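Colleague: Below is the sequence, then the predicted model.
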Amino acid sequence: MTLRPVVVAPSLLAADFARLGEEVARVEPAADWLHLDVMDGHFVPNISFGSGVVEAVRSVTSRPLDVHLMIDQPDRHLAAFARAGAHSITVHAEACVHLHRTLHTIRELGCRPGVALNPHTPLEWIRHVLPDVDLVLIMTVNPGFGGQAFLPQMMPKIRRLAAWIRRLGLEVDVEVDGGINAQTAPLVRQAGANVLVAGSAVFGAEDPIAVLQALKAAGQRSP
C-alpha cells in the first residue's frame, strides 16, 4: 500500500486568539496546512469564529487554510469562507441534507471539498460521495472541545476508509483530528491516514516547531 505524503496541520483553535498573527508565525515554518475549526454553538456545543477570522489568517500566511465547518446548514456560508481564502472546506455529513450537492458547490467555489464524520457516524454515510471529495476527516474525538484524549476505537474506521479509497483508486486525503501527538501519529498513519491535525500538543508547547517536526517524523514511521 502506497500512502500519500504526511501533512501536518496545526489547529488554530488551540492558539492564543489575543496574539493570533504571532501564533500563526510561530507554527508556519513547520506547518503544511493551517486547520481552522468553525463552530456555531448548535452542531457542537461551543462557538469559535467565522469567516472574518479565516480572512485575517489568510492575510498573514501563504499556507493552505483547511477550514472545518462544524456547523448546521453549512451551505449558507460556503461562499463566505471561499471568499475569505479557504483552500479546502470540510462539511459534516451529519449536517448536510443534500451532501452531494454541497460538495459540488464547494468545488464550484474553487475549494477542495471535504467531508467529516463524528466518531459515532458509520462510514456508510459517505461511501457514495467518495469520488466527489478530495478529503475525508475522521474525528478521533467527539467534536466541540480541544484537548480531548484520542479514541482508539476509531482505528478500524480509518483502516476501512483507507481500504475503500485504495480499492476505488482515488486520490483522497485521509485526515484525523483529535488527540493526535507523537504517540498516536504512527498508529493512525499505519491505519492509512496522511493528514494529521494537532492543536493542544502544538500550541501548548514551548517549541511548537519541534513538536510539528516530531509529529511529522512520527507519522512517517510505523509503530
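Modeller: Received it, and whenever you're ready, just let me know what you need.

Colleague: most residues in a single helix of this protein, which one?
Modeller: helix 155-168 (DSSP state H).

Colleague: Which neighbouring elements make contact with the helix or strand just after that one?
Modeller: Per DSSP states H and E, the first helix or strand lying C-terminal to helix 155-168 is strand 173-177. For strand 173-177, the elements it packs on are strand 135-139, helix 155-168, strand 195-198, judged by 3 or more C-beta pairs under 8 Å, 6 or more residues apart in numbering; DSSP states H and E. No exception for glycine: its C-beta is placed from N, CA and C like everyone else's.

Colleague: Name the strands paired with the shortest one and say parallel or antiparallel.
Modeller: What it means is strand 195-198. strand 7-10 (parallel), strand 173-177 (parallel) (DSSP bridges).

Colleague: one step back: most tightly surrounded among the helices and strands packed on strand 173-177?
Modeller: For the helices and strands packed on strand 173-177, the largest average neighbour count (mean count of other C-beta atoms under 10 Å) is found in strand 195-198, namely a mean of 27.

Colleague: Let's test this: mean pLDDT of it, rounded?
Modeller: Along strand 195-198, the predicted confidence averages to a pLDDT of 96.

Colleague: ditto for stretch 183-190
Modeller: In this model, stretch 183-190 has a mean pLDDT of 93.

Colleague: hmm, who's touching it?
Modeller: Residues outside stretch 183-190 that contact it (C-beta atoms under 8 Å, 6 or more residues apart in numbering) are 3, 6, 140, 150, 152, 155, 158, 176, 180, 196, 215, 218-223.

Colleague: could you flag which of those residues are buried?
Modeller: Buried members of the contacts of stretch 183-190, scored by 16 or more other C-beta atoms under 10 Å, are 6, 140, 150, 155, 158, 176, 180, 196, 215, 218, 219.

Colleague: Among the residues you listed, find me the one that's closest to residue 66.
Modeller: Set against residue 66, the nearest of the buried ones among the contacts of stretch 183-190 by C-beta to C-beta is residue 196 (11.4 Å).

Colleague: The closest one against residue 5, yeah?
Modeller: No. The pair formed by residue 196 and residue 5 falls short of the contact definition of C-beta atoms under 8 Å, at 11.4 Å.
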